[in-house]
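1. I would like to see how this sequence folds:
(one chain, ligands or ions: 1)
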Amino acid sequence: MKSHSLTVPLTCVASLAILAGALTSVRAQPVLKDAFKNQFLIGAALNEDQFSGKGGCADSLIPAQFNTISPENVLKWESIHPGPNQYDFGSADRYVRYGRKHKMFIVGHTLVWHNQTPAWVFRDDKGNPVDRETLLRRLHDHIATVVGRYKGKINGWDVVNEALNEDGTLRPSPWFKILGGDYLLKAYQFAHEADPKAQLYYNDYSLENAPKRAGAIALIQKLQSQGVPIAAVGLQGHYKMNWPAPAQLEETIKTFSALGIKVMITELDVDVLPAATRSEAAEVGMNFQLQARLNPYTNGLPDSVQQALAKRYADLFEVLVQNRKSMSRVTFWGVTDADSWLNKWPVKGRTSYPLLFDRQCQPKPAFDAVIQVARQGVRSD
Ligand code: GLA
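-> You can find the predicted model right below:
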């Protein structure tokens, strides 16, 4: 009896100690959205499992760390409007419900793009290219229906994605070929009509390179002169270890900001794997053969590379924090390394490490580095 009465309190003490330890470690985990709360929103692109409560360890991480979300795929034309008279809102509705439940800033991505848009959009019943009038009507119906459905719920839209070539000219997409260059104006007008309060964005990759940036500036200025209330430009931010240089990013932010619009990083990731191509373009159609030399870290990231990635993230975030008055949002393209598209692109089957959380949802040294920059930014304010 005696020994029993002694064991109970000891067990209690031990459990309390374990509980206290767990609480301390929970409390000690820094939070991105808090660290950047006076600077910009901080978010992630979510896949279907992640906003349906089937994201495993990411399920608790997402609402804890982020205050804005983007949909990886469910609002793209092929997902939401797969056939001429067929809209499929199930997944997009779930995405929006998730964002509202967690009181997040909800991004719509994307209304007009040349990828993940079904072929029927540009063809008639006989398979010939549709005329301008038909395509304009389809564009209007799509935007009015999708933006209209989420009016007042989706806060900002990537209206047009990737309209530019690397030299700054307009990409010869089916949109351009059939409608001419004013398809952009039409798309923004239709979106504004459907939800006058939603923010409207232009989103693209490699705008940090001068020729393409000049094209985007001309495009945005033209839209502004036509009365389009464009709120921000999205730099996708599919970055590499050596591109863009911090100074190049800074110059890009300042140049766009001078147009009177905000700048957002909308699809941030940093690729540490050996380059399969010298191109800086995040052209989703690229697909290179898997070779061992392109996939060196299948058993984990060596510490030296882990540290180099942390340093690279710190350098980039230093620029973002310095220019916080011009920035409205920074969104990562994925939550953990496990769900990054860089495991499949531009080489299928690689083990990639581009984000702040590892495959077990644990913060990486890059996470700590980014938090550190946020804290220093606050201190020097
Ligand atoms: C582009 C698009 C995104 C996504 C990524 C790759 O950047 O804007 O929607 O498809 O490619 O996943």
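2. For Met327, give me its contacts.
-> Each residue near Met327 by CB atoms under 8 Å, 6 or more residues apart in numbering is listed here: 39-40, 253, 262-265, 320. No exception for glycine: its C-beta is placed from N, CA and C like everyone else's.
3. partner residues bridging it?
-> Bridge pairing for Met327 (DSSP bridges) gives the partners Val263.
4. where does it sit relative to Trp345, distance-wise?
-> Note on Met327: its distance to Trp345, by CB to CB, to the nearest Å, is 26 Å.
5. again with Arg94
-> Going from Arg94 to Trp345 by CB to CB gives 25 Å.
6. The two: which is more packed in?
-> Neighbours per residue (other CB atoms under 10 Å) separate Arg94 from Trp345, with Trp345 holding more: 20 against 16.
7. And the strands in the chain?
-> 41-46, 68-71, 105-112, 156-161, 199-204, 230-235, 238-240, 262-271, 327-332 (DSSP state E).
8. Can you give me the neighbour number for the closest residue to the ligand within the chain?
-> Closest to the ligand within the chain is Trp341: 3.7 Å, counting by CB to the nearest ligand atom. For Trp341, the neighbour count with other CB under 10 Å is 19.
9. Next up, the contacts around it.
-> 72, 333-334.
10. just His238 next, same as before
-> Residues in contact with His238 (CB under 8 Å, 6+ apart) are 205, 267-269, 271, 282, 333.
11. Identify the bridge partners of it.
-> Beta bridges link His238 to Asp269, judged by DSSP bridges.
12. and the residue nearest the centre of the chain, how far is that from Lys54?
-> By CA atoms, centre = their mean, the chain has its centre lying nearest to Glu267, at 3.0 Å. Going from Glu267 to Lys54 by CB to CB gives 23 Å.
13. Would you mind listing what in the stretch 201-350 of the chain touches the ligand?
-> Proximity of the stretch 201-350 of the chain to the ligand, by CB under 6 Å from any ligand atom, involves residues 205, 236, 267, 282, 284, 341.
14. neighbours of the closest residue to the fifth one other than its chain neighbours, just the number please.
-> If the residues on either side of it in the chain are set aside, Val284 comes closest to Asn115, at 5.6 Å by CB to CB, 6 or more residues apart in numbering. Residues near Asn115, counting by other CB under 10 Å, number 14.
15. List the contacts of Asn115.
-> 162, 284-285.
16. One more: Met241?
-> Counting by CB under 8 Å, 6+ apart, Met241 touches 270-272, 308-309, 312.
17. Mind pulling up the pLDDT for it?
-> Note for Met241: predicted pLDDT of 98.
18. Give me the below-cutoff pLDDT ranges for the chain.
-> Applying pLDDT under 70 to the chain picks out residues 1-28, 378-381.
19. Try it again at 50.
-> For the chain, the stretches flagged by pLDDT under 50 are 1-8, 10, 24-26.
20. now the helices for it?
-> 2-28, 32-35, 58-65, 77-80, 90-101, 132-149, 174-179, 183-194, 210-225, 246-257, 303-322, 365-379 (DSSP state H).
21. Among those, pick out the one with the most neighbours on average.
-> helix 183-194 (a mean of 21; mean count of other CB atoms under 10 Å).
22. can I assume Leu75 is in contact with Thr110?
-> Yes - under the criterion of CB atoms under 8 Å, Leu75 makes contact with Thr110 at 7.0 Å.
23. is it true that Thr252 touches Ser206?
-> No - counting by CB under 8 Å, Thr252 stays clear of Ser206, with 10.0 Å between them.
24. show me the residues around the residue nearest to the centre of the chain that make contact.
-> Applying CB under 8 Å, 6+ apart, the residues contacting Glu267 are 45, 70, 205, 234, 236-238, 282, 331-333.
25. Swap in 6 Å and give it another go.
-> 236-237, 333 (CB atoms under 6 Å, 6 or more residues apart in numbering).
26. Repeat that for Phe357.
-> By CB under 6 Å, 6+ apart, Phe357 lies in contact with Thr336.
27. how much space between Cys57 and Val370?
-> 20 Å.
28. ok, now Lys344?
-> In terms of CB to CB, Lys344 sits 25 Å off from Val370.
29. now Ala45
-> 17 Å.
30. One more: Phe332?
-> 10 Å.
31. for His81, same thing?
-> Distance, His81 to Val370, by CB to CB: 37 Å.
32. again, but for Lys54
-> 27 Å.
33. Over to Leu356?
-> Leu356 sits at a distance of 6 Å from Val370 (criterion: CB to CB).
34. Mutual contacts of the two, please.
-> With CB under 6 Å, 6+ apart, Leu356 and Val370 have no common neighbours.
35. ok, Val121 - contacts?
-> Counted by CB under 6 Å, 6+ apart, Val121 has contacts Arg138.
36. I'd like the numbering to begin with 493 instead of 1 from here.
-> OK, 493 is where the count begins now, so the last one is Val613.
37. related to what we said a few turns ago, so for Tyr642, which of the strands of the chain sits nearest?
-> strand 597-604 (6.7 Å; CB to CB).
38. Identify the residue nearest Ala686 in space, chain neighbours excluded?
-> Of all residues not flanking Ala686 in the chain, Val639 sits nearest, at 3.7 Å (CB to CB, 6+ apart).
39. Surely the one you found touches Ala683?
-> Yes - with contact defined as CB atoms under 6 Å, Val639 reaches Ala683; the gap is 5.3 Å.
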